[in-house]
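Need a 3D model of the sequence below.
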Amino acid sequence: MPTQRPLDDLLTGAPRHLFFTGKGGVGKTSLACACALRLADAGRRVLLVSTDPASNLDEMLATPLGRQPRDVAGAPGLQAMNIAPEAAAEAYRQRVLAQMAPGSTEAERGQVREQLSGACTTEIAAFDEFVGLLAGDAHGFDHVVFDTAPTGHTLRLLSLPKAWTGFLEGNDRGASCLGPHSGLKMQEARFREAMQALGDAARTRVVLVTRPDAPALREAARTREELLALGLGNQWLVVNGVFTEAAASDAVAAALQAQQHAALQAMPPALAPLPISHVPLRGFDMVG
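Below you'll find the predicted structure:
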């Protein structure tokens, strides 16, 4: 089993961006909140951002959140926000419509709005807000902590620039869902710069969150390889919910501990080179 490092090591000399990812239910939001609070307690200005369409960051922090940063009560130095995909998509549509010629008819505007009504627009708009936070929209903050959607959604989001670039290189007009997005060509360099920021170890650390069970560890190993393929190599593994038996006479507790220990001993080789921290299982909800 790889040597464990204290979770505080993750935050010692932490780069500006901390990017928490992992499969659903492993505790990404809990850990992202805990780390954001620890950084704020250390006197840093921190922005905590959820990119999950089903975000529960509001509940976790007991603070109603929107698309603009909001102070978190009782946590000086910490602000939080949600990137709401549908709201971002509507704002994106309005920006595109505003660029149309003044003489455009209602029929023409309606046609453009229809072209911008699909899932492609929602993804582009959400990524555009995400890119903005990497490219300087979060000025005034020492750290930006990203609490992401479950792994599959996040990987798709991160792979979009490569797909857009391939489309844009081969199509001046095109008929795919990217066709109506005339502004993408101008933003291509901005998207590429954002991915470079994510891949720069001096600016970004990717925190792979998992559980001490075999399926979750396998998922973390797959995620590690896919992130490496996207150029995101500065990774740290956090195993959340590690159980330590308190009473030797409790057969159920002993079995759970043994099961977790066996899963960690058989950790996929791809994870072995990573720095790893364990977070103990808590007996209370991580809310408020």
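
So which residues of this protein form strands?
17-21, 46-50, 70-71, 78-82, 143-147, 204-210, 235-242, 276-280 (DSSP state E).

Can you lay out the ones you listed as a markdown table showing mean pLDDT and mean neighbour count?
Backbone N, C-alpha and C define where each C-beta goes, glycine included. Converted to a markdown table, the strands of the chain look like this (pLDDT from 0 to 100; neighbours: other C-beta atoms under 10 Å):
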| stretch | mean pLDDT | mean neighbour count |
| --- | --- | --- |
| strand 17-21 | 93 | 25 |
| strand 46-50 | 94 | 26 |
| strand 70-71 | 94 | 14 |
| strand 78-82 | 94 | 24 |
| strand 143-147 | 94 | 25 |
| strand 204-210 | 95 | 25 |
| strand 235-242 | 95 | 22 |
| strand 276-280 | 94 | 17 |
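
would JSON lines of those with distance to residue 35 be doable?
Formatted as JSON lines, the entries for those read as follows, by distance: least, C-beta to C-beta, whole Å:
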{"stretch": "strand 17-21", "distance to residue 35": "6"}
{"stretch": "strand 46-50", "distance to residue 35": "9"}
{"stretch": "strand 70-71", "distance to residue 35": "18"}
{"stretch": "strand 78-82", "distance to residue 35": "11"}
{"stretch": "strand 143-147", "distance to residue 35": "6"}
{"stretch": "strand 204-210", "distance to residue 35": "8"}
{"stretch": "strand 235-242", "distance to residue 35": "9"}
{"stretch": "strand 276-280", "distance to residue 35": "11"}
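
Nearest to residue 220, out of those strands?
Closest to residue 220 of the strands of the chain, according to C-beta to C-beta: strand 204-210, at 4.1 Å.

And the pLDDT at the nearest residue in space to residue 56 that is not next to it in sequence?
Nearest residue to residue 56, sequence neighbours excluded (C-beta to C-beta, 6 or more residues apart in numbering): residue 29, at 6.2 Å. The confidence metric pLDDT takes the value 92 at residue 29.

Surely residue 29 is in contact with residue 57?
Yes. Between residue 29 and residue 57 a contact is recorded at 6.2 Å, counting by C-beta atoms under 8 Å.

Which neighbours do those two have in common?
Here residue 29 and residue 57 share the contacting residues 50, 147, scored by C-beta atoms under 8 Å, 6 or more residues apart in numbering.

I'd assumed residue 241 was in contact with residue 210.
No. The pair formed by residue 210 and residue 241 falls short of the contact definition of C-beta under 8 Å, at 9.3 Å.

Show me the common contact partners of those two, please.
With the criterion set as C-beta under 8 Å, 6+ apart, the overlap between the contacts of residue 210 and residue 241 is residue 26.

Grab the nearest non-local neighbour of residue 85.
Using C-beta to C-beta, 6+ apart and skipping the chain neighbours, the partner closest in space to residue 85 is residue 126 (4.3 Å).
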